[in-house]
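J.: Generate a structure from the sequence data that follows.
(chains A and B)
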There are 2 protein chains.
Amino acid sequence: MESTYQVSGMTCGHCVNSVSTELSALPGVTGVQVDLATGRVTVTSQNPLDTDAVRAAVDEAGYDLVGA
Amino acid sequence: MESTYQVSGMTCGHCVNSVSTELSALPGVTGVQVDLATGRVTVTSQNPLDTDAVRAAVDEAGYDLVGA
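T.: Just a heads-up that it's a prediction; the model follows:
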C-alpha cells in the first residue's frame, strides 16, 4: 500500500537521502519516493503506517511532517 | 594562512558538510569555515592553496567555485 506525506525543509539531494533513509528503516516499509520540489513523500509499505512513527522518522532526519 | 572562496549551490547543513569534508582533505588544510547564507568559504592552510585543487574539491562535493 502507499501513503503520502508532506515534509517541509528539504532543500537538496542530501535532505532527500536523509528522509529516505529514516523512513526506509521503519518496519514494513518497502519503498520511499521523495519529490524534492514539492516535499511530497510517498511511502510504500506492507501494512498501514503509524503516523507518529512516520513523524518521528522525519523528525529524526531533521525535517518536519506537515499536516498529518 | 587564510583563503576565501565563493561557492554556489549549497542549500543546507549537509551541503556545508560535504564541502567542508572535501576541502579538509586537501594537503596542508587545517580548517574550513563555511557561511551557508553567503556561500563564503574560508580555508585555513599551512601553505598557499592551488586554486585548481580547491575547485576540484568543491566540484567533487557537488558544488561550484565562483569567480576564482
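
J.: ok, which residues in chain A are in contact with chain B?
T.: Counting by C-beta under 8 Å from any C-beta of the partner chain, the residues of chain A close to chain B are A:Thr11, A:Cys12, A:His14, A:Cys15, A:Ser18, A:Gly62. Where C-beta positions appear, they are placed from N, C-alpha and C, glycine not excepted.

J.: For the third one, what are phi and psi?
T.: Yep, that's A:His14 we're talking about. When quoted as degrees, to the nearest 10, the phi and psi of A:His14 stand at phi -60, psi -40.

J.: again with the first one
T.: Note on A:Thr11: its backbone torsions stand at phi -120, psi -10 [degrees, to the nearest 10].

J.: Enumerate every residue touching it.
T.: By C-beta atoms under 8 Å, 6 or more residues apart in numbering or on different chains, the residues touching A:Thr11 are A:Leu36, B:Thr11, B:Cys12.
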